[in-house]
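>>> No letters, just coordinates:
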């Protein structure tokens, strides 16, 4: 904002708060005129946006402009409707508080366009999903429908909103629009039956006649000529050059489809019925009673409204009186016309209210998402309502509009002062009370119970008999005669009496004096619908007119009371939200671009209360800005803060203002902001910055030129270095290529001469072969002593390869032997002995190889004595066969270091000294038999011993090792002979069979049958 202050003499100031003579209305309007002349239609009054209608399209509403204002501080760039929209949206997201934007102004000032721009901004910049895209489209498409049914061409505006509208847009926790709701206020129903010269009825009538299909019009009984309808010819303006009714009809039909509207036929019937009501004519019968003279119209009306024809005729020509009984009284011609017009207004007015409710159903947030989303939703409200109106003849509708503006002005002043006071207190600045005109006295004059204007109006309507407008005026004079803001012709002094008619009263509003006529005031209060419409078959009318209205004895509220109650609810809604304001001004009545009517603008400035708003805003400090923004902009004016301030921001700002010579009464330092009281102080600072800019520009240019030249030098130097470096890399690459080519040439030639004796042609290839063989051996040597893999050597290294293989195996064997444990060594030694004795000799040997030999297979319980136990080396359970009869007896064979013993039940049965052991015999089958041969002449021995054991290979190996009889182990295939006694011998015959069997043969031989696992 500060950047335009230097051009303030040409384009004015962007914020009226910065006006030097802020109390001057002329200075205010002159600032508006300057900005309007420069096509700057937006100006601030603090946070309030003043908008002047340019009456032409300006290139300031593109998507690029939306992005420019998105997420930017409110005062950082020029005023715009997008700035207000974005500031409101960000406040809703960050503070999690509902917001509202109040748009007000005269007809033609651009209120409707402003609300459209706000909705378009949210539709474009907010995040959106498929579901939310539907809601966004419905929000945007609700405008054409509401404009068709609620807008009309007036003398001041070709698309004037003839109703007040408040729209809530609901956002979820992500800031995406998810729903909406619309409240409508004070539809100008009188326009349905009457328009001033140069004005039109509501757009929808002309759109239907111009754009409707011929079959559709014929069904409705309509012709494509607006001049034939009484309600459309009073303004003498059926066509407008700026309006294309046929195209607008297509837009409305499309919008109804997007909204999800399904009752189109019933709605068109209502529109057509209003036109037929206007063409319904009355005349006098033979007896002087009033009767309908246009029967075709009555036929169409009964069909379109879905009511009984005779009942409708009765309702239009008679009225019911309820006194001592129900009586039917005929209406006069004037009363019948008034009843017809009242019916038309009631039908259209209630249909419009129903249409708004239907749109609300379409926009309603469907509770089908997560509860988090529901609980985290926020709302931005848009209030588009009439501004203060003063016409030559002001009716009840102007009274309601101006009463509404009184309430909004009261709310506006209170909230503005509250916002100012909260900001001052938050920054620690002393708040000084501001004197302002409190229009509460005027609001009380209208709405006070029992003594206010509306209460008197209600009382007059309830009075028995036929109330009149004059009696109502007299009642006002009696009750409000002493009020300073109420004047009538009777109560006025001589000078004022000339300006107030006998059927008028004057209210002195905050914006000025307005004369209101009381003609038709009481008639406008009747809100009783015609009873016949309550019986309608039309789906829309059956919802609009409740049948209970016919039977209830309770008198309905007057229109004034209904408006007061709805306005009270609106004020309550606005008080619950954080408000923003847009004040719209039209520059001329001719709707010409570039024309600025000063008198008309002054009139609107007064009625909008802009001077009062400015005075309240300027009661304290004219300018305020956060420390970082102020210091960033003006730091170049002080050597202590330029180019960067390193300390606290508050200290930096204090240093800056002290250097600039600010006086203590000219500013205050808050907690986060600086407050400047007079615009002149800011202007002086801005002028100093403008004067400082050439020096800053020179400094920047000097620095830039120096940087540019240094960069140029570095580029040249780098280019030279890079050229030398590239040359060196190229030479290295060429050398590598030549070397590679030479190596490849040698390799190919060596491969050709590889079978020749070593010579210059093959020496490189042979050396490469040797090197490759040795590297292969280094990378993949044998992993263990059992790994017999070895790479194939080249012919020249065959002998060397054998030596290397042998050395490698020796090294691995030594390493293996060093790592082996004593127990494992003993195990291996025994396995080697077993291999020497039994390998390829006994069938059960292969199964015994993986099984480890154990130290003993007996427990301590089987030993004979402690002495024997200490000497015991190995023990195993065996079966001993007697020499005579071959009876099997269980025994334990115990081996010591010098002898073996057989033990039975801890008794020593036989001892065999190793020195006396001649040999050991076993069979080649899988049986466990073994024979220990001892000398027969030895008296100490009992001849040879026949034993059977499950671990025969283990037992024989250990016994042969300890007795040193490794070479005395005999393995027999068929039979084993053994000594039974001196000179006698026995025989054990071995045969193969399916299973192990031991039996005594016929010849006294011992027969052993064992399965042969490895047949030879």
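Looks like it arrived, so ask away. Model, not experiment: these values are computed from the prediction. Residues are numbered from 1 along each chain as shown.
>>> going forward, measure contacts between C-alpha atoms and count neighbours the same way
Noted.
>>> ok, the nearest residue to residue 188 once chain neighbours are set aside - how many residues close by?
Nearest in space to residue 188, with sequence neighbours left out and distances taken as Cα to Cα, 6 or more residues apart in numbering, is residue 162 at 5.5 Å. For residue 162, the count of nearby residues is 23 (other Cα atoms under 10 Å).
>>> what residues does stretch 293-307 touch?
Applying Cα atoms under 8 Å, 6 or more residues apart in numbering, the external contacts of stretch 293-307 come out as 220-221, 269-270, 272-273, 276-277, 279-283, 308-309, 312-313, 532-533, 535-538, 541.
>>> hmm, back to that, I'd say the residue nearest to residue 188 and residue 152 touch.
Yes - if you go by Cα atoms under 8 Å, residue 162 and residue 152 touch, sitting 6.8 Å apart.
>>> on that earlier part again, which phi and psi values does the residue nearest to residue 188 adopt?
The phi and psi torsions at residue 162 (degrees, to the nearest 10) take the values phi -100, psi 30.
>>> Relative to residue 384, how far out is it?
Shown here: residue 162 relative to residue 384, a distance of 11 Å by Cα to Cα, to the nearest Å.
>>> Next, the residue positioned nearest the centre of the chain: secondary structure please.
The residue lying closest to the centre of the chain (Cα atoms, centre = their mean) is residue 174, at 4.6 Å. Recorded secondary structure, residue 174: coil (DSSP: H, G, I helix; E, B strand; the rest coil).
>>> For it, give its distance to residue 94.
Going from residue 174 to residue 94 by Cα to Cα gives 11 Å.
>>> ditto for residue 722
In terms of Cα to Cα, residue 722 sits 54 Å off from residue 94.
>>> what's the answer for residue 79, then?
22 Å.
>>> ok, back up a step: list the residues that contact the residue nearest to the centre of the chain.
Counting by Cα under 8 Å, 6+ apart, the residues that residue 174 touches are residue 127.
>>> next one: residue 577
Counting by Cα under 8 Å, 6+ apart, residue 577 has contacts 97, 98, 99, 100.
>>> Report how many residues lie close to the last one.
Other residues within reach of residue 100 by the criterion other Cα under 10 Å amount to 27.
>>> Quick check, pLDDT for it.
The model reports residue 100 with a pLDDT of 91.
>>> so what secondary structure elements neighbour the helix or strand harbouring it?
Using DSSP states H and E, residue 100 falls within strand 99-105. Packing partners of strand 99-105 (3 or more Cα pairs under 8 Å, 6 or more residues apart in numbering; DSSP states H and E): helix 81-95, helix 111-125, strand 378-386, strand 578-585.
>>> roughly how far is it from the heart of the chain?
Taking the mean of its C-alpha atoms, strand 99-105 sits 28 Å from the chain's own mean (Cα atoms, centre = their mean, to the nearest Å).
>>> Make 265 the starting number, not 1.
Sure, I'll start numbering at 265, so the last one becomes strand 363-369.
>>> That one vs helix 345-359, what angle?
Angle between the axes of strand 363-369 and helix 345-359 is 160 degrees (criterion: axes from the mean of the first three to the mean of the last three Cα atoms, to 10 degrees).
>>> Neighbouring strands - and their directions - for strand 363-369?
In the sheet, strand 363-369 lines up against strand 642-650 (parallel), strand 842-849 (parallel) (DSSP bridges).
>>> And these: which comes nearest residue 406?
Proximity to residue 406 (Cα to Cα) singles out strand 642-650 among the strands paired with strand 363-369, at 13.7 Å.
>>> Report the rounded mean pLDDT for that closest one.
The model assigns strand 642-650 a mean pLDDT of 86.
>>> Tell me which residues touch residue 851, please.
316, 317, 318, 373, 859, 860, 861, 862, 864, 865.
>>> Excluding residues flanking it in the chain, which one is nearest it?
According to Cα to Cα, 6+ apart, the nearest residue to residue 851 is residue 860 (4.9 Å).
>>> and stretch 1178-1186, which residues are buried?
Within stretch 1178-1186, the residues scored as buried using 16 or more other Cα atoms under 10 Å are 1178, 1181, 1183, 1184, 1185, 1186.
>>> which residues touch the residue nearest to the second one when sequence neighbours are not counted?
Sequence neighbours aside, residue 1198 is the residue nearest to residue 1181 in space, at 5.0 Å (criterion: Cα to Cα, 6+ apart). Under the criterion of Cα under 8 Å, 6+ apart, the contact partners of residue 1198 comprise 1176, 1180, 1181, 1182, 1183, 1205, 1207, 1208.
>>> Look at the third one and give its secondary structure.
When you say that, I think you mean residue 1181. Looking at residue 1181 with three-state DSSP, the answer is coil.
>>> Quick check on it: phi, psi?
Main-chain torsions, residue 1181, degrees, to the nearest 10: phi -70, psi 120.
>>> Repeat that for the fourth one.
The main-chain torsion angles of residue 1182 are listed as degrees, to the nearest 10 and equal phi -80, psi -50.
>>> wait, doesn't it sit right on residue 1199?
Yes - using Cα under 8 Å, residue 1182 is in contact with residue 1199, at 7.0 Å.
>>> for the stretch 265-414 of the chain, which spans come out with low pLDDT?
265-274, 394-396 (pLDDT under 70).
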